[in-house]
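Student: structure, please.
(one chain, ligands or ions: 1)
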Amino acid sequence: MGLADLYTSRTSLYFGGVEADPEKADMLVAGVPYDATSSYRRGSRFAPRAIREAAANIEFYSLRAGIDIEDYRITDLGDMVLPVNPPEAVKRIETVIAEILENNPGKLLALLGGEHSITLGAYRALARHNANPCMLVADAHFDLRSEYMEEKYSHASVMRRITEVYGGERVFYIGVRAFAKEELEYARSKQIEYITSHAARLLGVREVVSRVSRWIKKAGCQSLYVSIDMDTYDPAYAPGVANPEPEGLEPWILLDTIFRVVVESGISLRIVDIVEVSPPYDCSEITSVLAAKTLLEVFAAYLTQRAKSGR
Ligand SMILES: [Mn+2]
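Tutor: Numbering: from 1, shown residues only. Predicted coordinates:
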């Protein structure tokens with residue numbers, strides 16, 4: 001029994017209803033129910049279950065890919081058991097994910113957050129295995145504050161912790177529109193690339209895809225981590241998030257972009273996380289359903305690229 005077994009508890013509800021043997025799985029799912037640094041609308045600790053429940057009630061056919069994801073195997077590893085203390089939680093997440101990646105080379109791991117701070121542990125785990133993982137972040141916010149409410153491991157500082165160690169050139173944002181001046185100055189000083197939600201609408205999918213693809217080449221990325229903060233979407237599509245922000249992305253802009261970037265670039269997609277869904281503030285499960293759908297389309301991109309490359 002490894003640490004990953006010790007620090008995860010089996011769930012009574014599996015994403016996609018499938019509990020395949022991890023060795024035979026095409027994709028892995030793990031819940032990270034952590035929201036201790038949430039500053040506004042807490043409750044993302046309840047999101048893994050809400051997203052699984054949504055997934056159990058929507059169709060798995062992807063029009064983008066022309067495949068039925070039900071034909072593939074998803075192993076749901078359950079939820080991580082995490083301490084409250086933020087640096088300890090990040091450390092635990094890193095330890096568990098490092099072991100999952102080690103035991104499942106080449107497979108896509110999907111993380112159901114939780115707040116955005118969980119991404120730091122997951123990114124560190126991937127960086128242990130891969131010399132140059134790049135990170136595509138869909139978010140309304142930069143999360144580049146040096147600290148927030150006296151906490152360096154806050155959801156509002158997660159990308160600061162990542163970029164100050166691993167560099168800004170390996171990060172690309174889509175959908176940003178809400179930040180402090182200090183964050184914008186830091187982003188510029190670190191050569192962090194971004195497309196605001198306003199720019200994405202004007203540019204259209206084709207141009208957004210070509211800019212992201214150019215960045216992947218320029219940054220010399222060997223693998224890709226896609227981090228999706230649900231507040232990147234407009235609150236009309238994703239009302240149940242911790243920090244809603246008007247004028248966000250429409251779902252198809254983001255999903256088309258991810259699909260085309262992953263399939264066309266051929267880059268190895270290792271981790272996708274979906275964070276900041278806050279079920280107590282969701283209405284009619286709109287946000288959980290979109291989170292589940294978003295993950296399915298990322299799976300579709302991964303499977304299409306895998307079939308194309310013969311991996
Ligand atoms: Mn965020």
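
Student: what's the distance between residue 195 and residue 42?
Tutor: Distance, residue 195 to residue 42, by CB to CB, to the nearest Å: 29 Å. Bear in mind the C-beta positions are built from the backbone N, C-alpha and C, glycine included.

Student: cool, and residue 264?
Tutor: Taking CB to CB, one finds residue 264 at 39 Å from residue 42.

Student: which of residue 195 and residue 42 has more residues huddled nearby?
Tutor: Higher neighbour count among residue 195 and residue 42: residue 195, with 22 against 16, using other CB atoms under 10 Å.

Student: can you tell me the helix or strand for residue 78?
Tutor: strand 74-80 (DSSP states H and E).

Student: kindly report the same for residue 173.
Tutor: Assigned by DSSP H and E, residue 173 belongs to strand 171-176.

Student: how about residue 298, nearest residue that isn't a chain neighbour?
Tutor: Distances taken as CB to CB, 6 or more residues apart in numbering put residue 272 closest to residue 298, at 4.8 Å, once the chain neighbours are dropped.

Student: endpoints of stretch 135-148, how far apart?
Tutor: One end of stretch 135-148 sits 22 Å from the other (CA to CA, to the nearest Å).

Student: got it, and stretch 208-227?
Tutor: Per CA to CA, the first residue of stretch 208-227 is 17 Å away from its last.

Student: how far off centre is it?
Tutor: From the chain centre to the centre of stretch 208-227 is a distance of 15 Å (CA atoms, centre = their mean, to the nearest Å).

Student: buried stuff in that stretch?
Tutor: Neighbour counts over stretch 208-227 (16 or more other CB atoms under 10 Å) mark 208-209, 211-213, 215-216, 219, 221, 223-227 as buried.

Student: wait, does it contact the ion?
Tutor: No: counting by CB under 5 Å from the ion, the ion is not contacted by stretch 208-227; separation bottoms out at 8.0 Å.

Student: the ion contacts on the chain?
Tutor: Applying CB under 5 Å from the ion, we find that the chain lies next to the ion at 116, 139, 141, 143, 229.

Student: any chance of these in TSV with distance to residue 16 and secondary structure as columns?
Tutor: Output for the residues of the chain next to the ion, formatted as TSV (distance: CB to CB, whole Å; DSSP: H, G, I helix; E, B strand; the rest coil):
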residue	distance to residue 16	secondary structure
116	24	coil
139	26	coil
141	30	strand
143	29	coil
229	23	strand
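
Student: filter those residues down to the buried ones.
Tutor: So, by 16+ other CB under 10 Å, the buried ones in the residues of the chain next to the ion are 116, 139, 141, 143, 229.
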